[in-house]
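Engineer: I'll drop the sequence and a predicted model, then ask my questions.
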Amino acid sequence: MLMIDKESIRENIAAIKEKLANPGEKAECIADIENMVDIKQSHIWRADFGSCCGNICNISSQIGMEIEILQDALDAIKMGDSIKAAILLEDYLAFVEEHYKNEHPPY
């Protein structure tokens with residue numbers, strides 16, 4: 001399973017949602033989400049590249065779902081629907097919470 005830092009994801013989503021409240025920061029929100037999509041696309045490329053290693057297909061489709069949610073949020077921002085974008089970002093966060101383990105398990 002791909003390990004991520006869920007706390008970092010929570011912080012990133014909270015920062016983007018805060019920026020959504022300020023129309024002057026729309027370009028920053030777009031750039032932040034585009035960066036997240038780029039990172040996820042890099043992950044999916046790596047997962048596809050390593051698909052000979054067994055259970056990678058599940059990870060690849062999971063990352064694809066993440067990209068879809070982020071892209072929908074990005075499209076909502078571009079169309080001026082910050083409420084829909086915020087809901088989609090919450091959906092993304094819920095997806096991450098459900099499907100990933102913490103990078104560092106609690107001790």
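Structural biologist: Good, I have the coordinates.

Engineer: where along the protein do the helices fall?
Structural biologist: 6-20, 26-49, 56-78, 82-99 (DSSP state H).

Engineer: Could you export the ones you listed as JSON lines, including mean pLDDT?
Structural biologist: JSON lines is the format used below for those (pLDDT from 0 to 100):
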{"stretch": "helix 6-20", "mean pLDDT": "93"}
{"stretch": "helix 26-49", "mean pLDDT": "86"}
{"stretch": "helix 56-78", "mean pLDDT": "88"}
{"stretch": "helix 82-99", "mean pLDDT": "95"}
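
Engineer: I'd like those as TSV, with mean neighbour count appended.
Structural biologist: (Each C-beta comes from the backbone N, C-alpha and C, glycine too.) Formatted as TSV, these follow (neighbours: other Cβ atoms under 10 Å):
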stretch	mean neighbour count
helix 6-20	15
helix 26-49	16
helix 56-78	18
helix 82-99	16
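
Engineer: I'd like to check which residues are in contact with residue 92.
Structural biologist: 13, 66, 69, 70, 73 (Cβ atoms under 8 Å, 6 or more residues apart in numbering).

Engineer: Pick the one among the residues you listed closest to residue 7.
Structural biologist: Nearest to residue 7 among those: residue 13, at 11.0 Å, using Cβ to Cβ.

Engineer: how close does the closest one get to residue 89?
Structural biologist: Remark: distance between residue 13 and residue 89 (Cβ to Cβ, to the nearest Å) = 5 Å.
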